[in-house]
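> Need coordinates for the below:
(one chain, ligands or ions: 1)
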Amino acid sequence: MDKLIITGGVRLDGEIRVSGAKNSALPILAATLLADSPVTVCNLPHLHDITTMCELFGCMGVELLVDEKMNVEVHASTIKQLVAPYELVKTMRASILVLGPLLARFGYAEVSLPGGCAIGSRPVDLHISGLQAMGADIVVEDGYIKASVKDRLKGAHILMDTVTVTGTENILMAAVLADGETIIENAAREPEVVDLAECLITMGARIKGHGTGMIRVQGVERLDGCTYSVLPDRIETGTYLIAAAATGGRVRLKDTQPNILDAILFKLREAGASVEWGDDWIELDMKGKRPRAVDLKTAPYPAMPTDIQAQFTALNAIAEGTGRITETVFENRFMHVQEMKRMGADVDVEGNTVIVKGVEQLKAAPVMATDLRASASLVIAGLVAEGDTVVERIYHIDRGYECIEEKLQQLGAKIRRVPA
Ligand code: EPZ
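Model (predicted):
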């Protein structure tokens, strides 16, 4: 397995482009299964998870055309089988996103039940109960979700017990072809849900209220193809801003979308960074200063994203003062803490809160990535540690960060990938 070797102590300085959002690209690729004619998805990030979704389509016999910019044209009408096999789903939980579209368009779907995951049990009970409320017959047997509907899904009023991003997305994709009106109450408000809804509207869907907790859908008979470009990745954006702040450096990010990053931008100002932005760019300058420790609590959008919590923990590890970081979305999202301790961080977990007492200097150490965002936080810790930090199992990083070492090298970091 590849490793990253990072020689710490360099102040990041430079400009990079932000890639398309993984968590928008995945549901939008799934949504292409709903259209009668080809859909072209643009601004896709070059990530392992995107490749996995394309492999899943290949497995189902769906024809894809990929151009040199990695824009993908999907011909859903060529589909041969309505099964998402365990071999692929076990590598990417987001494969569950094909459940709603397959059921709504073809009346049947067999999707492997996603297993557990490092950050939590991550059940999909709300995906299933929402589709059942729309008239789907669903059994879970032999590790597969087997869903069918005789004629057509029926619109329903669905109240989500918990705010779930992919749960909202699965039900939204099922509702657009259902007969009648569907109301999704306590819906996820994430920008990626809004991006999916906007793509579906471009295909001819009738959706209102996306981005609020109450989404209303009027089902239509069919959806047409379109060309759609996914929105920039707000978590990648936040990760590079935090990396620049941790090193006392400066970064300008382009092709991003500042208006969906309020929680992160305001928190970075609290940490002492100078942060300016325009329509599609953000500039952070730490002016060589040591960041101030910050307190934060993760929660569904527009609050602080759970996907940026580990990265802020790395910032707090070398900040002035003590910061408290509380995780309220997932039950086990502190695996990076033990790894940071090995680098000399003064961090302790108390229930769902990690208390970080900033130290002057971290020390390089061999560390292991356990999940996508934890790995990013270890890279940030490596950027500020004295010596060469080796981050192992970086396949986690390759799932969510396009060309991470090239982008960091563009910012002046001393980082290189060592093939296994
Ligand atoms: C999405 O995961 C993202 N993944 C995650 O990003 C992100 O951390 C998460 O939303 C929260 O923002 C994609 O969009 C592909 P949830 P998702 O359903 O939809 C509970 C990353 O790093 N729940 O919103 O799987 C669940 O256990 C990844 O890019 C149920 O109880 O998360 C959790 O506690 C990691 N029953 C809470 O809801 C269900 O049926 C929120 O999970 C569904 C969820």
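> Can you give me the pLDDT of residue 411?
Note for residue 411: predicted pLDDT of 98.
> Surely it and residue 17 touch.
No. Using Cβ atoms under 8 Å, residue 411 is not in contact with residue 17, being 11.8 Å away. For glycine as for every other residue, the C-beta is placed from the backbone atoms N, C-alpha and C.
> who's more crowded, those two?
Using other Cβ atoms under 10 Å as the criterion, residue 411 and residue 17 rank with residue 411 on top: 23 against 12.
> For that one, give me its contacts.
With contact taken as Cβ atoms under 8 Å, 6 or more residues apart in numbering, residue 411 is in contact with 12-14, 16, 240, 243-244, 249, 251.
> now swap in residue 64 and tell me
Contact analysis of residue 64 by Cβ under 8 Å, 6+ apart lists 54, 57-58, 72-75.
> what about burial for these, which qualify?
Among the contacts of residue 64, the ones that count as buried by 16 or more other Cβ atoms under 10 Å are 54, 57, 72-75.
> Go through these and name the one nearest residue 314.
Among the buried ones among the contacts of residue 64, residue 54 lies closest to residue 314 (Cβ to Cβ), at 31.9 Å.
> what about the nearest residue to that closest one once chain neighbours are set aside, distance to residue 104?
Of all residues not flanking residue 54 in the chain, residue 64 sits nearest, at 5.8 Å (Cβ to Cβ, 6 or more residues apart in numbering). From residue 64 across to residue 104, the span is 20 Å (Cβ to Cβ, to the nearest Å).
> Find the nearest non-adjacent residue to residue 52, please.
residue 92 (4.5 Å).
> To clarify, my last question referred to residue 182.
residue 175 (3.6 Å).
> cool, residue 186 as well?
The shortest distance from residue 186 to any residue other than its chain neighbours is 4.3 Å, reached at residue 160 (Cβ to Cβ, 6+ apart).
> check contacts around that neighbour.
Contacts for residue 160 (Cβ under 8 Å, 6+ apart) come out as 126, 130, 167-168, 184-188.
> So which residues on the chain come close to the ligand?
Within the chain, the positions near the ligand by Cβ under 6 Å from any ligand atom are 22-23, 26, 94, 120, 122-127, 162, 164-167, 306-307, 329-330, 372-373, 400.
> Any of those buried? List them.
Applying 16+ other Cβ under 10 Å to the residues of the chain next to the ligand flags 22-23, 26, 94, 122, 124, 126-127, 164-167, 306-307, 329-330, 372-373, 400 as buried.
> For burial, what's the neighbour tally of residue 297?
Residue 297: 14 surrounding residues under other Cβ under 10 Å.
> can you check residue 350 too?
Around residue 350 there are 9 other residues, counting by other Cβ under 10 Å.
> Quickly list what it is bridged to.
residue 353 (DSSP bridges).
> Relative to the ligand, how far out is it?
20 Å (Cβ to the nearest ligand atom, to the nearest Å).
> For this structure, which segments count as helices?
Ranges of helices in the chain, per DSSP state H, are 22-31, 48-59, 86-89, 99-106, 125-133, 165-175, 191-202, 234-246, 262-270, 309-317, 335-341, 372-384, 395-400, 404-410.
> between the second one and helix 22-31, how big is the angle?
Comparing the axes of helix 48-59 and helix 22-31 via axes from the mean of the first three to the mean of the last three Cα atoms, to 10 degrees yields an angle of 10 degrees.
> and helix 48-59, what does it pack onto?
For helix 48-59, the packing partners by 3 or more Cβ pairs under 8 Å, 6 or more residues apart in numbering; DSSP states H and E come out as helix 22-31, strand 63-66, strand 83-84, helix 86-89, helix 395-400.
> got the CA coordinates for it in PDB?
Output of helix 48-59 as PDB, limited to C-alpha atoms (Å, rounded to 0.1, in the frame of the first residue of the first chain):
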ATOM      1  CA  HIS A  48     -11.100   6.300  -6.400                       C
ATOM      2  CA  ASP A  49     -14.800   6.600  -5.300                       C
ATOM      3  CA  ILE A  50     -15.800   8.000  -8.700                       C
ATOM      4  CA  THR A  51     -14.000   5.100 -10.400                       C
ATOM      5  CA  THR A  52     -15.800   2.700  -8.100                       C
ATOM      6  CA  MET A  53     -19.200   4.200  -9.100                       C
ATOM      7  CA  CYS A  54     -18.200   3.900 -12.800                       C
ATOM      8  CA  GLU A  55     -17.200   0.200 -12.100                       C
ATOM      9  CA  LEU A  56     -20.600  -0.300 -10.500                       C
ATOM     10  CA  PHE A  57     -22.300   1.000 -13.600                       C
ATOM     11  CA  GLY A  58     -20.100  -1.300 -15.700                       C
ATOM     12  CA  CYS A  59     -21.100  -4.200 -13.600                       C
END
